[in-house]
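> Give me the fold of what follows.
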Amino acid sequence: MKLGLNLGYWQRSADDATETVRLAERLGYDSVWTAEAYGSDAFTPLAWYGARTSRIKLGTSVAQISARTPVATAMTAMTLDHLTGGRLMLGIGASGPQVVEGWYGQRFAQPLARTREYVDIMRKVWRREEPVTNDGRHYPLPLPDSIGKPLKSITHPLRADIPLYLGAEGPKNVALSAEIADGWLPLFAFPSKIREMYGEALSGAHADFDIAAMVMVIINDDVKQALNAVKMMLTLYIGGMGAKQRNFHADIIGRMGFADAAEHIQALYLSGKKDEAFHAIPDELADGISLVGPAGRIKERLEAWRASPVTSLLVMGPRDEQSLTTVRDLVLG
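Residues are numbered from 1 along each chain as shown. Coordinates of the predicted model:
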C-alpha cells in the first residue's frame, strides 16, 4: 500500500506546508495532494511545493472540471508536469450542482458525459498527434459557426500519459473511473463496505488501477475526542456541502447503510441546528471511515484497509514530524 499526504485546501498565507511536504518526502511518502472548492485553487500550492521538493509526487484532489475548460486544465497539467520533472498526478472531479451552478455559473447537467469528453480532450492535447477537435455536445472544438480552427499544442508534453484520477462517489462515476482513468479518489471510504458498494463498478478496472482513498488519521489516546474531530468534518459535508435537493456526500453515507442518519443530520444542519447535527453522527460511521485513537488501535484497524481494494492511503490530519513518522511506520512498516 502506498502512502500519501492530503493537505486539503490552502486557506491563507500562513498555511504554507512546505516544511511538512519536505518532511513527508524525507520520510518516504509517495505523494502529496491539494484540493479546491470555492476559494483557493489546487494547482498553485502544488507548484509552490514542487519547486521546493525533488521526488514526492504532486496530486490534485480534486481539480473541478467546471473551473476550467479541458484544454486549460491540460495546459496547466502539462506545464506543472514539466516544471516538476514528471511528478504530477492529475485528479479531477465534477463537484456538485451547488458549487458548479452557484460559484462557476454553469449547468451541472450530465456530469458523466462531460467528464468523459473532458478526459478525451486532455489526452488529445497531451498526445499531440494532430490538431485537437471534439464533436461532443459539451466542449465542441473548434466552436461551430466560428472562425476558430483546430490547433495543436505548441508545447511538447514531458509525458503524454500524465496519470489521471477521478474523484467519484456514485457507482456510475466510479465505473467511469475504472473505464477511463488511472485511479479513483474516494472522499469517504468505509473499507469493509467498498466491495459491496462498488465491486461491480470496479470490475472493469485494469490491473494497475490505483484506489487512493482519503482518510482522516488522528493519533490520540482519547478515542472519543478523536472521533469528535471526524464528526465535525462529517457534519459539514453531510449537512452543508451540497444542496438539500442533491447532496452527493449525504447520498454516499446513505449507501454505506446510514441513510436515515444522513437525512436527519442534513435536516438538522439546514435548519440551523448544527450542534444537534454533530451529535447525530453515529460513532460507527465516524470510526469506519477514519483511523483514530492510540497507535496500537490504528494499527489494528489498518488491517481492514489492507484487506480492502484500496491501494493508496492519502492521510489527512498529520502535520508534525512525530505524527507523520508514526503513520509512516504503521502503514509502510
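> residues of the helix or strand hosting residue 49 that come out buried?
Here residue 49 sits within helix 43-50, counting by DSSP states H and E. Using 16 or more other CB atoms under 10 Å as the test for burial, helix 43-50 gives 43, 45, 46, 47, 49, 50. Placement of C-beta: from N, CA and C, glycine included.
> Which two among the residues you listed are spaced furthest apart?
The span of the buried residues of helix 43-50, defined through CB to CB, is set by 43 and 49 at 11.0 Å.
> tell me, what's touching those two both at once?
Overlap of the contact sets of residue 43 and residue 49 (by CB atoms under 8 Å, 6 or more residues apart in numbering) consists of residue 34.
> what are the ranges of the strands in the stretch 1-150 of the chain?
In the stretch 1-150 of the chain, the strands defined using DSSP state E, counting those that start in this stretch lie at 2-6, 31-34, 57-60, 63-64, 88-93.
> Distance from stretch 112-130 to the middle of the chain?
20 Å (CA atoms, centre = their mean, to the nearest Å).
> and that stretch, average pLDDT?
Mean per-residue pLDDT for stretch 112-130: 98.
> Kindly export that stretch (C-alpha atoms) in CSV.
Taking Å, rounded to 0.1, in the frame of the first residue of the first chain, the C-alpha atoms of stretch 112-130 are listed here in CSV:
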residue,chain,number,x,y,z
LEU,A,112,-20.5,11.7,-16.6
ALA,A,113,-20.8,12.7,-20.3
ARG,A,114,-18.9,16.0,-19.5
THR,A,115,-16.2,14.2,-17.7
ARG,A,116,-15.7,11.7,-20.5
GLU,A,117,-15.4,14.4,-23.1
TYR,A,118,-13.1,16.4,-20.7
VAL,A,119,-10.7,13.5,-20.3
ASP,A,120,-10.7,12.7,-24.0
ILE,A,121,-9.8,16.3,-25.0
MET,A,122,-7.0,16.5,-22.4
ARG,A,123,-5.4,13.3,-23.7
LYS,A,124,-5.6,14.6,-27.2
VAL,A,125,-3.7,17.7,-26.1
TRP,A,126,-1.0,15.6,-24.4
ARG,A,127,-0.6,13.1,-27.2
ARG,A,128,-0.1,15.9,-29.7
GLU,A,129,-0.8,13.6,-32.6
GLU,A,130,-3.0,16.1,-34.5
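> If you count neighbours, what's buried in that stretch?
Under the neighbour-count criterion of 16+ other CB under 10 Å, stretch 112-130 has 114-119, 121-126, 128 buried.
> In helices only, show me the residues you listed.
If you go by DSSP state H, the buried residues of stretch 112-130 have 114, 115, 116, 117, 118, 119, 121, 122, 123, 124, 125, 126 in helices.
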